[in-house]
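Colleague: Structure here, sequence nowhere to be found:
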């Protein structure tokens, strides 16, 4: 497209240049009065850019235009089974024996009421095949749905019905797949009732049937067309049900894989949180040791300075004197704080043991009081 626009612009520019040259010599005036004129050729274009056309986008680093290779076909057993099924041609046998669910649906729908569109509505509490058709199309819908059910059961997929709206389904590849039949209705008129306070729309069933796979409103649909009726699409309808079942299998596998990945990430987060907690403990312990080491150095400096002052004052600092014992005690306290020195024994070490023993005694007494039976007055 870009090359076409460039060529069109180039040609238009050349034409404008040529017309200006003709107008300057009175080209159109001479032509108007029938005088002979000489039409000069367009100038030869030079240094035109080369426009390369590629049918497919080039991958990075490639200089050739080749069609991209198609993706490999799936090899899972469900897909292979579907391909084998769709390779067969299934014809609808109207004389086939009716399934018991089809017989039950016929009985229930014939006794049901019709809505404003003329579509049969089964009782709300009776499990019934989801056939939203008129009385005139009921027989045809029953024959088609019977063929679908027989084809599914031949493939090992069995039906299960539930009470409620749009609850017809088959167990396909371990997953429940919904299906239904519906009939279109078109508007045939509008009328006003109760002195123009309400407009009623009149409908009439068209006889055009639809087979819906999966979600009733948004699922895949097969319908009557001008070229072919729904009965000729029996293989496609059953194949669509099988494909919907395979989609459920693939989705379940992806969900399980996602769950496993989330569990693995959660374990990684827990392990990371554990490592962070341990690292924080190490950092806190290091900071405590550094702080204690600094305090121990300050205490030693203070003790040494105090010892010099007392010695200058002529005090006796031998271990037998009070001030001598004080100096020794201060050095021991510095050693207790210093993480690089063995800690000398201190009466403070028994404080934690005493508190622990007292707590244990209090717990035993408390639980013992709770366990004692109450005195009978």
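Modeller: Happy to help now that I have it. Please read these numbers as outputs of a predicted model, since none were measured by experiment. Numbering: from 1, shown residues only.
Colleague: Quick one: the strands in the stretch 101-250 of the chain, in order.
Modeller: 113-114, 120-121, 131-132, 158-161, 168-172, 175-193, 198-213, 220-223 (DSSP state E, counting those that start in this stretch).
Colleague: what's in contact with the third one?
Modeller: Contacts of strand 131-132 from elsewhere in the structure, counted by CB atoms under 8 Å, 6 or more residues apart in numbering, are 105, 109, 119-120, 138, 141-142, 145, 180-183. Every residue, glycine included, has its C-beta placed from N, CA and C.
Colleague: what's in contact with stretch 244-252?
Modeller: With CB under 8 Å, 6+ apart, stretch 244-252 has contacts from 76, 78-79, 82, 157, 170, 172-175, 177, 213-214, 219-220.
Colleague: Buried ones among those?
Modeller: 78-79, 82, 157, 170, 172-173, 175, 177, 213-214, 220 (16 or more other CB atoms under 10 Å).
Colleague: Now render the residues you listed as a markdown table, adding pLDDT and distance to residue 41.
Modeller: Below are those laid out as a markdown table (pLDDT from 0 to 100; distance: CB to CB, whole Å):
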| residue | pLDDT | distance to residue 41 |
| --- | --- | --- |
| 78 | 88 | 70 |
| 79 | 89 | 65 |
| 82 | 88 | 66 |
| 157 | 90 | 76 |
| 170 | 91 | 76 |
| 172 | 91 | 74 |
| 173 | 91 | 73 |
| 175 | 91 | 74 |
| 177 | 92 | 72 |
| 213 | 93 | 67 |
| 214 | 90 | 67 |
| 220 | 91 | 62 |
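Colleague: Show me which of those residues is closest to residue 279.
Modeller: residue 175 (46.8 Å; CB to CB).
Colleague: Residues in a beta bridge with that closest one, which ones?
Modeller: residue 172 (DSSP bridges).
Colleague: Pull the most distant pair out of the contacts of stretch 244-252.
Modeller: So, the contacts of stretch 244-252 by CB to CB: farthest apart are 76 and 219, at 22.1 Å.
Colleague: Name the residues linked to residue 186 by a beta bridge.
Modeller: residue 204.
Colleague: could you point out the longest helix in the chain?
Modeller: Using DSSP state H, we find that the single longest helix of the chain is helix 234-312.
Colleague: for the following helix or strand past that helix, packing partners?
Modeller: Heading C-terminal from helix 234-312, the first helix or strand you meet, by DSSP states H and E, is helix 322-337. Contact here means 3 or more CB pairs under 8 Å, 6 or more residues apart in numbering; DSSP states H and E; on that basis helix 322-337 packs against helix 234-312.
Colleague: pLDDT below threshold where in the stretch 201-350 of the chain?
Modeller: Judged by pLDDT under 70, the stretch 201-350 of the chain has its weakly predicted residues at 349.
Colleague: Let me see the confidence value for residue 59.
Modeller: Note on residue 59: pLDDT of 57.
Colleague: Over to residue 166?
Modeller: Per the predicted model, pLDDT is 74 at residue 166.
Colleague: what number of residues lie near the closest residue to it other than its chain neighbours?
Modeller: Ranked by CB to CB, 6 or more residues apart in numbering and with sequence neighbours excluded, the top spatial neighbour of residue 166 is residue 216, at 4.5 Å. Residue 216 has 17 neighbouring residues, counting by other CB atoms under 10 Å.
Colleague: Tell me how far residue 216 lies from residue 180.
Modeller: 6 Å (CB to CB, to the nearest Å).
Colleague: joint contacts of those two?
Modeller: 130, 166.
Colleague: that older thread, would you mind giving the buried ones among the contacts of stretch 244-252 as a markdown table with distance to residue 276 added?
Modeller: Shown next, in a markdown table, are the buried ones among the contacts of stretch 244-252 (distance: CB to CB, whole Å):
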| residue | distance to residue 276 |
| --- | --- |
| 78 | 45 |
| 79 | 46 |
| 82 | 50 |
| 157 | 52 |
| 170 | 52 |
| 172 | 48 |
| 173 | 45 |
| 175 | 42 |
| 177 | 47 |
| 213 | 51 |
| 214 | 47 |
| 220 | 51 |
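Colleague: of these, closest to residue 266?
Modeller: For those, the residue nearest residue 266 by CB to CB is residue 175; the value is 27.0 Å.
Colleague: Just want the angle from the longest helix of the chain to strand 168-172.
Modeller: If you take axes from the mean of the first three to the mean of the last three CA atoms, to 10 degrees, helix 234-312 sits at 70 degrees to strand 168-172.
Colleague: from here on, count from 53
Modeller: Right, with 53 as the first residue, what we last looked at is helix 286-364.
Colleague: to the chain's geometric centre, what's the distance from helix 286-364?
Modeller: Distance of helix 286-364 from the chain centroid (CA atoms, centre = their mean, to the nearest Å) equals 27 Å.
Colleague: just the buried members of the contacts of strand 183-184?
Modeller: Looks like these have 157, 161, 171-172, 190, 193-194, 197, 232-235 buried, using 16+ other CB under 10 Å.
Colleague: Tell me the one of those residues nearest residue 347?
Modeller: Distance to residue 347 across the buried ones among the contacts of strand 183-184 (CB to CB) is lowest for residue 232, with 82.0 Å.
Colleague: what's across from the closest one in the sheet?
Modeller: Beta-bridge partners, per DSSP bridges, of residue 232: residue 264.
Colleague: ok, it touching residue 266?
Modeller: No. Between residue 232 and residue 266 there is no contact under CB atoms under 8 Å: 9.6 Å.
Colleague: before we move on, back to that, so what angle separates the directions of the longest helix of the chain and strand 250-265?
Modeller: 90 degrees.
Colleague: And residue 253, how far from residue 167?
Modeller: 12 Å.
Colleague: Can you tell me the closest non-neighbouring residue to residue 398?
Modeller: Nearest non-adjacent residue to residue 398 (CB to CB, 6+ apart): residue 388, at 6.1 Å.
Colleague: mind listing what that neighbour touches?
Modeller: Contacts for residue 388 were tallied using CB under 8 Å, 6+ apart; they are 395-396, 398.
Colleague: Cool, thanks, signing off.
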